[in-house]
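Visitor: Model the structure of this input:
(chains A, B and C)
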Amino acid sequence: MNWIFKTEPSECSIDDIANAGPAGVVWEGVRNYQARNFLRDDVKLDDLVLIHHSSCAEVGLVGLGKVVKLAYADPSQFDPASPYYFAKSSPENWPWVAVNVAFVEKFHKVISMAELRQHPQLAEMLLLKKGNRLSVMPLTKIELELVLFLNNA
DNA sequence: GCCAACGTTGGC
DNA sequence: GCCAACGTTGGC
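Guide: Numbering: from 1, shown residues only, chains lettered A, B, ... in the order given. Here you go, the predicted model:
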């Protein structure tokens, strides 16, 4: 499948992913059950991931990554020093998973949500839905291909 | 910083 | 298990 992952660039930007090398970055800190279920059950190796910068000056799609490690226990849930620490997690029983995401490409420009909204083919894109707060969401092949086309347009 | 939308919590 | 109150997300 194909995905959009949201990230705050102050925490993990497309450049950080580019600098992480083939092992990728640890995609940690997902603390929503619906997003967790996608990560755990549906995200597969080599799935392509559009990277979306949120809560920043230039919100939008900034590049492409791919999944290089399947879901495993999110290490941050066990780390009291982490903002993502989850006190109820134990080594035997933990709810939160991480995957690793490696760099594929950085877009020539930030593709804003306003630009995406101009394309009727993207009307059903979850990212554009009102009130959507999922940080991990599926994307159709058509939607992905159109975004990649827009990057080169 | 505003605020709509959604998720979570907790009393009952 | 209902639902009001509260907290968080995240675009604008």
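Visitor: Could you pull out the strands in chain A for me?
Guide: Assigned by DSSP state E, chain A shows strands spanning A:2-7, A:25-27, A:48-53, A:60-73, A:97-111, A:136-139.
Visitor: Can you say which of these is nearest to DNA strand B?
Guide: With CB to the nearest atom of the strand as the criterion, DNA strand B lies closest to strand A:136-139 of these, at 11.7 Å. In this view, the C-beta of every residue, glycine as well, is placed from N, C-alpha and C.
Visitor: List the buried residues in that closest one.
Guide: A:136-137, A:139 (16 or more other CB atoms under 10 Å).
Visitor: Looking at chain A, what residue ends up closest to DNA strand C?
Guide: Closest point on chain A to DNA strand C, by CB to the nearest atom of the strand, is A:S54, at 3.6 Å.
Visitor: and chain A, which residues reach DNA strand C?
Guide: Residues of chain A lying close to DNA strand C by CB under 7 Å from any atom of the strand are A:6, A:31, A:52, A:54-55, A:59, A:112-114, A:133-135.
Visitor: Identify the farthest-apart pair in those residues.
Guide: Greatest spatial distance among the residues of chain A next to DNA strand C (CB to CB): A:R31 and A:A114, at 28.5 Å.
Visitor: Quickly note the distance from the residue minimising distance to the centre of chain A to A:P80.
Guide: For chain A, the residue nearest the mean C-alpha position is A:F5 (1.5 Å; CA atoms, centre = their mean). Counting by CB to CB, to the nearest Å, the gap from A:F5 to A:P80 is 26 Å.
Visitor: What of A:A73?
Guide: 16 Å.
Visitor: quick one, which of these two is more surrounded?
Guide: Between A:A73 and A:P80, A:A73 has the larger neighbour count (other CB atoms under 10 Å), namely 15 against 6.
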